[in-house]
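J.: Sequence and predicted structure below; questions after.
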Amino acid sequence: MSIELVLPDGTVTCHKEGVTGLAIAGSIGPRLADAAIAVSVDEELMDLNRPIYSGGQFAVITQGSESGRDILRHSAAHVMAQAVLNLFEGATFAIGPAITDGFYYDFDLDRPFTPEDLEEIEREMDRIIAEDQPFEREEMSREVGLELFRDHPYKLEIIRSVDDTEVDSGDIISVYRNHEFVDLCRGPHLPSTGRLKAYKLTRTAGAYWRGDEKRPQLQRIYGTAWESRKALRTHLHRIEEAARRDHRKLGRELDLFSFPEDLGPGLVVWHPKGGMLRRLVEDYSRRVHQDFGFDFVFSPHLAKAGLWQTSGHLDFYAENMYPALDMDQDEEYRVKPMNCPFHVLIYRSDARSYRDLPIRLSELGSVYRYERSGVVHGLLRARGFTQDDSHTFCTRQQLPNELQLHLDFVLQLLRDFGFKDFRSELATRPEEKWVGEPELWELAEQSLAEALETAGIPLRIAAGEGAFYGPKIDVHVEDAIGRGWQMSTIQVDFSLPERFGLEYVTSEDTRERPVMIHAAKFGSVERFLGVLIEHYAGAMPIWLSPVQATIVPVADRHVEYALEIADQLRGEGLRVETTVGPGKLGEKIRRAITQKVPAILVVGDQDVENGTVGLRLRSQKGERRGVPREEAVSDLLSAAQPPH
RNA sequence: GCCGGAGUAGCUCAGGGGUAGAGCAGCUCACUCGUAAUGAGCAGGCCAGGGGUUCGAAUCCCCUCUCCGGCUCCA
């Protein structure tokens, strides 16, 4: 019997049944065979040496590809587990997948791993790799598997939970064996351990079995593995680069903000430079909200517990809320974790007609959420933060247009701050618990999907992952070093209008419920600034720089001229500082550069005489001498224009 | 909250049972200088907080707090 395999370029090839992926790769080209890690037939990944019995779409998975790396990392995880079981008496192993940029494996043993343990494990891994042990796939019945792993309770649990449909023939599980080591595994794997060229164990951590804190805590070891030493080095450099950009470090170095211990975890104070940066971002937000037809409202930080009862937050959000405050007798108050109930009350403060809709209420609203002590992380995860929040109330007919408008808004905003690559996630109606009408859900989901398609934003549909009260989209950006961040969120809500009994009068003089759209464009102002600082590595675009230009006089006799130029720039609305006082020229310039000031103007004898400046811009290499003063001013002014 | 690591001057870090050190930053003085650190001097610490062991604790032990890396959750 022969089988037909279709190559990615459309070529149809014929092979004997039972041919291996490696043989096919070899028949295409020897270099391909060298780079091959696995193959796929109709999307099903298979080991290189596994016989193929059915035809279909055929592809070779090579080592530099993402799925090739996944396989490599998964094999690295196996080798690490093998090393750990060899070295640690009584250790048992749980689960060890490939993850973004690396892999981990969870173990249960009577003590945590130490940094020295990692070195020893690496040595044992090196030995296993040097032996070039082949990975051999073996299939067996569930019963045989249960017997094989009788000493490893986590494996038993996995075997019992394996879905019948996962392996074609129902009751069959697969394991991979290399020398003395055997692990339950779907595969595929590298042909042999010797193919692991570059890996590194990076850190240890505690992790709950199946991510459930009620279950045993295991000891996790993280590692990373790459197809070459060079790729590994590049990755380690990227990690260093990320550390260099850490907004907490830059926040201190650039004197933007701090987290004083006396305040408490997750609470930030903004220093003058950071305050300026934040104000610029917020001013931008207000401007664009106005452009898009939003109205501005304000609300307090507290409300009676009853409001949170009506809104439902005390039912499904209580664990993130701060405990009740006793203010007046018998009356409890709660600090707000969200702004929506306040905006709902504003809507409800008057009888609304269809002529009033849509009503778009916006607020830079500070909220407080109780985050567990282990999760706070600088500006990215704080306990007190400010949302550029809005709540739009519209008719169901207006919903598609409104969603389009919100998405346009979000994309303009993210683009204006220098983000170029977006993707988005659409969370649709959950299977079980949900409110509203199915047609409305569908309309909302469709409008969101269409809006994203029109905008050309890659979309992942998270089927059934929506909240019970409505579908939502999250917009993620990719930063300058390729990390993804979730920023904006647009959320449709069929529940709150119901809970608060919101209505409007239609043109037929009947009553209808409005639909509500929650939208946070930055997500949180703090978090957005944190991401922005990391994206730009602290070197903000000139329109956002707290100090846009530093004027440096060469000697004391040039101070007067320097101040004159500073005044002129300030008069044009630029943010300028002048370095008078002691210190050499080089030192002052160095300071301005390390403080990431985008423009440095040096003035000396020749400049005073000719009415010029020396201009050093962050965006250009080196400096320009003798630039006419007016030219420098107008250059700076045009460079400092905000995008909107 | 849980697991690991760590808290020494404003910052970055050394020291590790015998009464605290460096570099940078700060202050003073001198130098007045043309594009990434001039030199000298001065000042600065309840060694996170509390308890214990000891003749003696920054150092060893216990508890608490905070930070870092994860788990979980999310903006």
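T.: Done, it's in. Numbering: from 1, shown residues only, chains lettered A, B, ... in the order given.

J.: Assumed A:Gly586 was part of a strand.
T.: No - with DSSP: H, G, I helix; E, B strand; the rest coil as the criterion, A:Gly586 is assigned helix and is not in a strand.

J.: count of residues packed around it?
T.: By other C-beta atoms under 10 Å, the residues close to A:Gly586 number 8. From N, CA and C alone the C-beta is placed, and that goes for glycine too.

J.: A:Pro458 too?
T.: Here the number of neighbours of A:Pro458 (other C-beta under 10 Å) works out to 12.

J.: Nearest spatial neighbour of it, chain-adjacent residues omitted?
T.: A:Arg423 (4.4 Å; C-beta to C-beta, 6 or more residues apart in numbering).

J.: Kindly report the same for A:Pro358.
T.: Using C-beta to C-beta, 6+ apart, the closest residue to A:Pro358 is A:Cys394 (3.8 Å).

J.: what's the answer for A:Leu254, then?
T.: Per C-beta to C-beta, 6+ apart, closest to A:Leu254 is A:Gly538, 5.6 Å.

J.: thought A:Glu431 was touching A:Phe468?
T.: No - using C-beta atoms under 8 Å, A:Glu431 is not in contact with A:Phe468; the gap is 10.8 Å.

J.: The residue positioned nearest the centre of chain A and RNA strand B: what is the separation?
T.: Nearest to the centroid of the C-alpha atoms of chain A, with distances taken as C-alpha atoms, centre = their mean, sits A:Trp485, at 2.6 Å. As judged by C-beta to the nearest atom of the strand, to the nearest Å, A:Trp485 and RNA strand B stand 8 Å apart.

J.: number of nearby residues for the residue nearest to A:Leu254?
T.: 21.

J.: mind checking the SS state of it?
T.: A:Gly538 - assigned by three-state DSSP - is coil.

J.: cool, and A:Thr310?
T.: The three-state assignment at A:Thr310 reads helix, by three-state DSSP.

J.: who's in contact with it?
T.: By C-beta atoms under 8 Å, 6 or more residues apart in numbering, A:Thr310 lies in contact with A:341, A:499-500.

J.: Switch those over to TSV; also include distance to RNA strand B.
T.: As requested, the contacts of A:Thr310 are exported to TSV (distance: C-beta to the nearest atom of the strand, whole Å):
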residue	distance to RNA strand B
A:Pro341	16
A:Arg499	18
A:Phe500	20
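
J.: Among those, name the ones in helices.
T.: Among the contacts of A:Thr310, the members falling in helices (DSSP state H) are A:341, A:499.

J.: Flag whichever of the contacts of A:Thr310 scores worst on pLDDT.
T.: Across the contacts of A:Thr310, the smallest pLDDT goes to A:Arg499, namely 93.

J.: Kindly provide the distance from that residue to A:Arg186.
T.: 45 Å (C-beta to C-beta, to the nearest Å).

J.: So for A:Leu380, what's the nearest residue that isn't a sequence neighbour?
T.: Looking at A:Leu380 with C-beta to C-beta, 6+ apart, the closest residue is A:Gly530, at 4.8 Å.

J.: So what touches the helix or strand hosting the one you found?
T.: Secondary structure from DSSP states H and E places A:Gly530 in helix A:525-535. Applying C-beta under 8 Å, 6+ apart, the contact partners of helix A:525-535 are A:242, A:245-247, A:250-251, A:256, A:268, A:274, A:277-278, A:281-282, A:285, A:364, A:378-382, A:385-388, A:417-419, A:477, A:479-480, A:483, A:485, A:487, A:522, A:540, A:544.

J.: hang on, the earlier thing: redo the contacts of A:Thr310 as JSON lines? Include neighbour count and distance to A:Val410.
T.: As requested, the contacts of A:Thr310 are exported to JSON lines (neighbours: other C-beta atoms under 10 Å; distance: C-beta to C-beta, whole Å):
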{"residue": "A:Pro341", "neighbour count": "20", "distance to A:Val410": "23"}
{"residue": "A:Arg499", "neighbour count": "16", "distance to A:Val410": "26"}
{"residue": "A:Phe500", "neighbour count": "19", "distance to A:Val410": "26"}
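
J.: Same list (the contacts of A:Thr310) but as TSV, adding distance to A:Gly68.
T.: Listed next are these as TSV, based on distance: C-beta to C-beta, whole Å:
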residue	distance to A:Gly68
A:Pro341	51
A:Arg499	51
A:Phe500	54
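
J.: who's A:Thr386 bridged to?
T.: Note on A:Thr386: beta-bridge partners by DSSP bridges are A:Ser366.

J.: residues contacting it?
T.: Applying C-beta under 8 Å, 6+ apart to A:Thr386 gives the contacts A:364-367, A:524-526.

J.: now A:Trp434
T.: A:441, A:466, A:468-469 are the contacts of A:Trp434 under C-beta under 8 Å, 6+ apart.

J.: all strands for the stretch 451-600 of chain A, in order.
T.: A:459-462, A:472-478, A:484-493, A:504-505, A:511-512, A:515-520, A:549-553, A:576-578, A:599-603 (DSSP state E, counting those that start in this stretch).

J.: Give me the buried positions along the third one.
T.: Residues of strand A:484-493 classed as buried: A:485, A:487-493 (neighbour count, 16 or more other C-beta atoms under 10 Å).

J.: does A:Pro97 really touch A:Ala81, like I thought?
T.: No - if you go by C-beta under 8 Å, A:Pro97 and A:Ala81 don't touch, sitting 11.6 Å apart.

J.: The two - which one has more neighbours?
T.: Using other C-beta under 10 Å, the more surrounded residue of A:Pro97 and A:Ala81 is A:Ala81, with 23 against 12.

J.: after the strand or helix carrying that one, next one along is what?
T.: A:Ala81 is part of helix A:66-87, with elements assigned from DSSP H and E. Later in the chain than helix A:66-87, the nearest helix or strand by DSSP H and E is strand A:92-93.

J.: next SSE after that next one?
T.: Using DSSP H and E, the helix or strand that directly follows strand A:92-93 along the chain is strand A:98-99.

J.: Which secondary structure elements does that next one sit against?
T.: Judged by 3 or more C-beta pairs under 8 Å, 6 or more residues apart in numbering; DSSP states H and E, the packing partners of strand A:98-99 are helix A:66-87.

J.: again, only using 10 Å
T.: Applying 3 or more C-beta pairs under 10 Å, 6 or more residues apart in numbering; DSSP states H and E, one finds that strand A:98-99 contacts helix A:66-87, strand A:217-226.

J.: Identify whichever of those lies nearest to RNA strand B.
T.: Of all those, strand A:217-226 sits nearest to RNA strand B, with 4.5 Å by C-beta to the nearest atom of the strand.

J.: after that closest one comes which helix or strand?
T.: Per DSSP H and E, the helix or strand that comes after strand A:217-226 is helix A:229-244.
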